[in-house]
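In: Predicted coordinates and the sequence they were generated for:
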Amino acid sequence: MNEMSATPTAEQWRALTLIERINFKVTSRINQSPVLRRPMTVFQSKFYKWWVELGTSKIVLDHGFENFKKIDPQKGVLLVVNHRTFYDQFVVAARLFRLYGAHHNIYFPIRANFFYDNPLGLFINIPFSMGAMYPPFVRDAKRRRWNQYATDLLVELLCNPENMVGFHPEGTRNQGPDPYALLPAKPGCGELIYRSNPNVVPVFLQGFKSAWFMFRQNLGNSAPPKPLVHMVMGEPLDFSAELTREPGNKTYLLISRKVMEVIHQLAQRERAIRAQYET
């Protein structure tokens, strides 16, 4: 893995608070180091897989995860998942580690709230995800110039075939009562696809309750309980036609909407699978 060339401008750097800068520098040291990143990924594929699977192995089923073998090994991977709960990406990634080993370095862009603007955030990010909650995005409109750098960084990560980025095309967590009523697509996902042309692998899942509930359900019975969550993966998506269009928000939104259409189709497949298990 090569060191990253993208660097924030002075204006972008000033958009972060002191604590955010410190936390970002520490996680960057891990994620951008050719010496540290790969060993951390190997460790992550074992430890991270173990503790996530401890709470999900018997109550979460994967469907279509063999589609991951269809990716182009010469490209990075953008894992696009609907955003229902905070654990979505982690459980999908842990299952991929279980099935395919330390296949890619993984990155989960995250809101700066707590994990970067609080000193304690670093002490959760490093031990539990090996710094994978990276890079941070800020919510404050007055500081969003930082987000352009975070986007540039993700593009550079995705241009490296050793990397996988987990991303939510909806842009925010869907907290509505109906898990099948997906939120509208945001252009950010489309921009990443347009600028880096990665493998784009879609997944739908209903999401999870509290971590405590999941562990209790998974470990509480000797016999496997009824599956609570079904994770459905589709085939890698083709955007060759969209990549011939002019760059800009209109094109980015078009690409993002195509992603969400496929995730919606996977949602209907998940609904049918769930019905089979509940009869």
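Out: Nice, thanks for sending it over. Numbering: from 1, shown residues only.
In: Nearest residue to Leu253 in space, please, no chain neighbours.
Out: Pro187 (4.5 Å; C-beta to C-beta, 6 or more residues apart in numbering). Quick note: C-beta positions are derived from backbone N, CA and C, even for glycine.
In: got it, and Leu157?
Out: Using C-beta to C-beta, 6+ apart, the nearest residue to Leu157 is Asn163, at 4.8 Å.
In: Name the residues linked to the one you found by a beta bridge.
Out: Beta-bridge partners for Asn163, by DSSP bridges, are Asn105.
In: check contacts around it.
Out: 1, 76-77, 104-107, 157 (C-beta atoms under 8 Å, 6 or more residues apart in numbering).
In: Need the residues you listed in TSV (columns: pLDDT).
Out: Listed next are those as TSV, based on pLDDT from 0 to 100:
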residue	pLDDT
Met1	53
Gly76	98
Val77	98
His104	95
Asn105	95
Ile106	95
Tyr107	96
Leu157	97
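In: Now tell me what touches the one helix or strand in the chain whose mean pLDDT sits lowest from outside.
Out: None of the helices or strands of the chain scores lower by mean pLDDT, DSSP states H and E than helix 211-219, at a mean of 83. Helix 211-219 is contacted from outside by 54-59, 87, 208, 225, 228, using C-beta under 8 Å, 6+ apart.
In: gap between it and the chain center?
Out: Between the centre of helix 211-219 and the centre of its chain there are 22 Å (C-alpha atoms, centre = their mean, to the nearest Å).
In: tell me the contacts of Pro177?
Out: Per C-beta under 8 Å, 6+ apart, neighbours of Pro177: none.
In: Near the nearest residue to His104 once chain neighbours are set aside, how many other residues are there?
Out: Nearest non-adjacent residue to His104, counting by C-beta to C-beta, 6+ apart: Met164, 3.8 Å away. For Met164, the count of nearby residues is 26 (other C-beta atoms under 10 Å).
In: Relative to Ala93, how far out is Met164?
Out: 8 Å (C-beta to C-beta, to the nearest Å).
In: shared neighbours of these two, anything?
Out: Common neighbours of Met164 and Ala93, using C-beta under 8 Å, 6+ apart, are 79, 106.
In: ok, back up a step: go through the least confident helix or strand of the chain and flag the buried ones.
Out: 214, 217-218 (16 or more other C-beta atoms under 10 Å).
In: Just name whatever secondary elements the next helix or strand after it is in contact with.
Out: Following helix 211-219 in sequence order, the next helix or strand is strand 229-233 (DSSP states H and E). With contacts taken as 3 or more C-beta pairs under 8 Å, 6 or more residues apart in numbering; DSSP states H and E, strand 229-233 sits against strand 60-63, helix 88-100, strand 199-204, helix 249-278.
In: now with 7 Å?
Out: Helices and strands touching strand 229-233, by 3 or more C-beta pairs under 7 Å, 6 or more residues apart in numbering; DSSP states H and E, are strand 60-63, strand 199-204, helix 249-278.
In: which stretches of this structure aren't confidently modelled?
Out: Within the chain, the stretches with pLDDT under 70 are 1-5, 221-225, 279.
In: At the geometric centre of it, which residue do we find?
Out: Gly166 (1.9 Å; C-alpha atoms, centre = their mean).
In: what helix or strand does that one sit in?
Out: strand 163-167.
In: tilt between that strand and helix 249-278?
Out: Strand 163-167 runs at 80 degrees relative to helix 249-278, counting by axes from the mean of the first three to the mean of the last three C-alpha atoms, to 10 degrees.
In: now strand 163-167, how far from the centre of its chain.
Out: 5 Å.
In: next helix or strand past that strand?
Out: Next along from strand 163-167, by DSSP H and E: helix 187-196.
In: That following helix packs against which elements?
Out: Going by 3+ C-beta pairs under 7 Å, 6+ apart, helix 187-196 lies up against strand 77-81, helix 145-158, helix 249-278.
In: and if we set it to 6 Å?
Out: Packing contacts for helix 187-196, counted by 3 or more C-beta pairs under 6 Å, 6 or more residues apart in numbering; DSSP states H and E, involve helix 145-158, helix 249-278.
In: circling back to that earlier point, so how far is Leu153 from the residue nearest to Leu253?
Out: In terms of C-beta to C-beta, Pro187 sits 17 Å off from Leu153.
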